[in-house]
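> The following block contains a protein sequence and its predicted model.
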Amino acid sequence: MTIRELARTAWTEIAAHKTRSAMTCLSLSIGVAAMLFTFSQTGGAMRRYKQAIELYGPGRITISKRQGYKSKGRSPGLTIDDASEIRRLYPELYMVYPKVDRYETRLRAGALKSDMILVSGVTEEWRKRDWVYKLQGRFLTSRDVAAGARVCVLIQPGGWIKKPYWARYFPEHPLERYVRSHDVIGRRILLNEHVFTVVGVLKEPPRDRDPRWFHSSRGEEGSVLIPITTFQSYMADRGSGALGQVDQIEVETGDVDKVSAMLRRLEALLLQRHRGEDDSEVRDFRQLMGGAMAQVRQFIISILIIGIVAILASGIGIMNVTLATIFSRVREIGIRRSLGATRSDIVWQFVAEATALGLAGGAAGTALGVLGITYLAPRQDRMVAIGFTHVAAALALALATGFFFALYPAYKASRFDPVEALRYE
């Protein structure tokens, strides 16, 4: 049989059993759409990972206090002096800054009164990475840090482009309302009864477009940045920054190839400075991202499994439909064999019908997936638009499903004895 004849008989048979064919195509279309959705999710995950590397830095190292460690009394803990020593010994590092946080700080500014402010003590190097903000005014400078100046930078949350339903139950933070409706640059505010001058405002991107999906340093609770030296003088009396201690030190080598060697050097340096106490953790940024990426992979795998199960179910459906078709057309097979059709002709006849069924389901699933992704991708940061390669792969998968699941039934049909087939009722 020619390809044209195979195609004509295949579509004729599908059209003759519309309901059966439609139900078989439905499961295959769901599987194909799920596969396209997986392609989009995978592309989105890779894009977000690359954005994270660009934003966070290729050679980022985080030094933090070791959780659950009980000091033997020899180590002063993680301190500002540790950061200063790292900067002195390794001036080639792109970034070194200590950071200390204090939660539930009291803030007063005109009519604004809030006791739920996060105050972070940082240096001017804080802005070298993770910069996603629009700056109004100026940022902290090295002079502010050296002088222990009582100046601050407010972080204004970016809100939402499209607010999710669950966010509607959380009220807007008072600091966000205040910054949005007042010109705060140059104004004085009170932080725990200490007077600070606002020198800048950092506006974050909308939360549904914030590339810091791997990071927790956002300003939803209301955040204020001050020089770390000022923090030690005015905020560390009851906080974790007492006696010069800090919560973490952020280091950026600027080159991923230098990370391993720098990790070993920093571990040895801290062990020496802390008098043999291993009370600090030195971690590569890629390790920190491992947990987040594992969750992304699990989500992608779950969608992939759904697609594979749907495709397998549709393949079994195609096999059943093909078997039913064969046993309803035994006399036709006998007549064709008696007129000179070879076994391969019979095989290709039924394989062509099943492949056409797969093509129909694949086309429907591709249309469904493309429409869904086209609608969701601009609204979901986790998805990307799919290209021709993804569509071609989905259609090829659908065709392969119809082809391979029809081989066994078609082989059974080709083994019918022509005489016995002609007698079949």
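Perfect, I can see it now.
> how long is stretch 333-348 from one end to the other?
With CA to CA, to the nearest Å applied, stretch 333-348 spans 12 Å between its terminal residues.
> Can you give me every residue that contacts residue 114?
Residue 114 makes contact with 106, 107, 173, 174, 175, 222 under the criterion CB atoms under 8 Å, 6 or more residues apart in numbering. In short, each C-beta sits where N, CA and C put it, glycine included.
> For my notes, confirm it occurs in a strand.
Yes - when DSSP: H, G, I helix; E, B strand; the rest coil is applied, residue 114 is found to be in a strand.
> Beta-bridge partners for it, please?
Note on residue 114: beta-bridge partners by DSSP bridges are residue 107.
> start the count at 24, not 1, going forward
Shifting the count to begin at 24 puts that one at residue 137.
> Just the pLDDT at the residue lying closest to residue 268 once chain neighbours are set aside, thanks.
Of all residues beyond its chain neighbours, the one nearest residue 268 is residue 100 (4.6 Å), with distances taken as CB to CB, 6 or more residues apart in numbering. Per-residue confidence (pLDDT) for residue 100: 89.
> Which helix or strand contains residue 256?
Element membership for residue 256 (DSSP states H and E) is helix 251-257.
> Pairing partners for the helix or strand just after that helix, with directions?
Using DSSP H and E, the helix or strand that follows helix 251-257 in sequence is strand 271-275. For strand 271-275, the pairing partners within the sheet under DSSP bridges are strand 83-88 (antiparallel), strand 118-132 (antiparallel).
> okay, those in TSV with mean neighbour count and distance to residue 271 next?
Below are those laid out as TSV (neighbours: other CB atoms under 10 Å; distance: least, CB to CB, whole Å):
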stretch	mean neighbour count	distance to residue 271
strand 83-88	21	4
strand 118-132	20	5
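> which one of those strands lies closest to residue 140?
With CB to CB as the criterion, residue 140 lies closest to strand 118-132 of the strands paired with strand 271-275, at 4.4 Å.
> model confidence over the closest one, on average?
Across strand 118-132, pLDDT averages out at 93.
> Tell me which helix or strand comes right after the helix or strand of the chain with the lowest mean pLDDT.
Taking mean pLDDT, DSSP states H and E as the measure, the helix or strand of the chain with the lowest value is helix 26-39, at a mean of 65. Towards the C-terminus, the helix or strand next in line after helix 26-39, according to DSSP H and E, is helix 41-79.
> Against which helices or strands is that following helix packed?
The contact analysis (3 or more CB pairs under 8 Å, 6 or more residues apart in numbering; DSSP states H and E) places helix 41-79 against helix 308-350, helix 366-399, helix 411-437.
> Cheers, nothing more for now.
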